[in-house]
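Colleague: sequence first, then the predicted structure:
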Amino acid sequence: MVDLPNQVGPMCDWPQVQAVSGALVCLKHLSQHAQCHLATNAEDSSEAQIRKALVRAGLSDYITQIFCRENLGTGKTDKAYYPKIIKKLGVNTHQVTMVGDSLERDVLAPISAGLQAVWFNPSCHAYSQDVEVVKQLTCLIS
């Protein structure tokens, strides 16, 4: 989802809700081969509100579960965040790949919890870590 500037409150209530470029194509493809879940650090949205925003963006059909502060009791900056997701999913850490646009919260944190991770870095920010990087989400399916 695109985090639009100057918007506050739950995303589902924003005048415009927009999927990141390539997200729909990527999720359609990936969801045919694996379950796709959403792990978000949204502070002001409930799970139901996040689902409503996903519906508005046309992505909801491809997201199985949503993991957020409301249902985990913690945010991505907490070391327990990703282990709690793994426990709820009932899978091994090596079976999960996190894709996200924050190097620290979406890549380095899950890697330190034993997950695989891919940094969605469309702005080509410089980095020194040895991580998998994609500039476009559709690169995940090619």
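Modeller: Structure's in. What do you need? From a predicted model like this one, the values you see are computed outputs, not experimental measurements.
Colleague: what residues are up against the closest residue to Pro122 other than its chain neighbours?
Modeller: Spatial nearest neighbour of Pro122, chain neighbours left out: Lys135 (5.4 Å); criterion: CB to CB, 6 or more residues apart in numbering. Yep, even glycine has a C-beta here, placed from its N, CA and C like the rest. Contacts for Lys135 (CB atoms under 8 Å, 6 or more residues apart in numbering) come out as Asn121, Pro122, Cys124.
Colleague: of these, which is the most crowded?
Modeller: Asn121 (19 neighbours; other CB atoms under 10 Å).
Colleague: let me see the mean pLDDT of the strand or helix carrying Lys88.
Modeller: Using DSSP states H and E, the element containing Lys88 is helix 81-89. Here helix 81-89 scores 97 as its mean pLDDT.
Colleague: which parts of it are buried?
Modeller: Tyr81, Tyr82, Lys84, Ile85, Ile86, Leu89 (16 or more other CB atoms under 10 Å).
Colleague: other SSEs contacting that helix?
Modeller: For helix 81-89, the packing partners by 3 or more CB pairs under 8 Å, 6 or more residues apart in numbering; DSSP states H and E come out as strand 38-39, strand 66-67, helix 69-72, helix 109-112.
Colleague: what does the third one contact?
Modeller: With contacts defined as CB under 8 Å, 6+ apart, helix 69-72 is touched by Asn41, Ala42, Glu43, Ser45, Ser46, Glu47, Gly75, Tyr81, Lys84, Ile85, Lys88.
Colleague: quick one: it to chain centroid distance?
Modeller: For helix 69-72, the separation from the chain centroid amounts to 14 Å (computed by CA atoms, centre = their mean, to the nearest Å).
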